[in-house]
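# Structure of the sequence below:
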Amino acid sequence: MDQLKVIKKFVNIFHYKTRLSKDLIEDFVMEAFTRMYEKQPENNNLEGWLRITITNIIHDHFREDKKLLYYYDNEESIIDVDLIRGCINELEDKQRQIVILHYYEGFKYHEIAEILNIQMHDVKNRIKRAKYLLKIQLIDIHGD
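Numbering: from 1, shown residues only. Have a look, this model is predicted:
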């Protein structure tokens with residue numbers, strides 16, 4: 001009974017966070033539980049381990065399809081990853097570099113500021129501007 005509650009909890013959390021269908025999220029959660037039983041992680045925080053594993057499964061799913069899920073006005077859309085990369089390549093060097101460091105390499109704002117020897121507010125401003133420009137590019141491409 002405890003496992004069923006945990007499964008429902010994770011399905012609801014990830015359904016809310018990703019807005020993917022509950023059936024798909026259930027598949028991901030069950031896959032994470034299967035991995036947990038196969039690997040038997042020696043981790044005292046199994047819920048944390050499951051949360052990370054489910055997140056990785058979701059990322060792997062979209063990486064394998066070479067597609068990226070995004071939401072615009074609560075409408076679910078799927079965009080080709082190569083299209084996103086092309087849009088990122090259109091950004092100015094300063095913005096592109098920060099987007100890659102943050103979203104692809106996983107660096108935090110303060111780490112990027114140290115790496116590039118700039119102020120953290122500059123990192124935030126460049127990311128904000130880059131996201132705005134990417135949104136405009138994607139709207140232009142999709143005609144929304």
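# Buried residues in the lengthiest helix in the chain, which are they?
Longest helix in the chain, counting residues (DSSP state H): helix 120-142. Neighbour-count burial for helix 120-142, counted by 16 or more other C-beta atoms under 10 Å, picks out 123, 126-127, 130, 133-134, 137-138. (C-beta placed from N, C-alpha, C; glycine too.)
# In those residues, which has the lowest confidence score?
Lowest pLDDT among those: Leu138, with 77.
# So that one sits against Cys87, correct?
Yes: between Leu138 and Cys87 there is a contact at 6.5 Å, judged by C-beta atoms under 8 Å.
# Serialize the buried residues of helix 120-142 to CSV and add fields for distance to Ile98.
Listed next are the buried residues of helix 120-142 as CSV, based on distance: C-beta to C-beta, whole Å:
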residue, distance to Ile98
Val123, 6
Arg126, 5
Ile127, 6
Ala130, 7
Leu133, 12
Leu134, 12
Gln137, 17
Leu138, 19
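# hang on, Leu91 in a helix?
No: counting by DSSP: H, G, I helix; E, B strand; the rest coil, Leu91 is located in no helix; its state is coil.
# Chain neighbours aside, what residue packs nearest to it?
Ala130 (5.5 Å; C-beta to C-beta, 6 or more residues apart in numbering).
# got it, and Phe107?
That would be Leu101: by C-beta to C-beta, 6+ apart, it lies 4.7 Å from Phe107.
# helix or strand for the residue positioned nearest the centre of the chain, which one?
Centrality entry for the chain: nearest residue to the mean C-alpha point is His59, 6.6 Å, by C-alpha atoms, centre = their mean. Per DSSP states H and E: His59 is located in helix 46-64.
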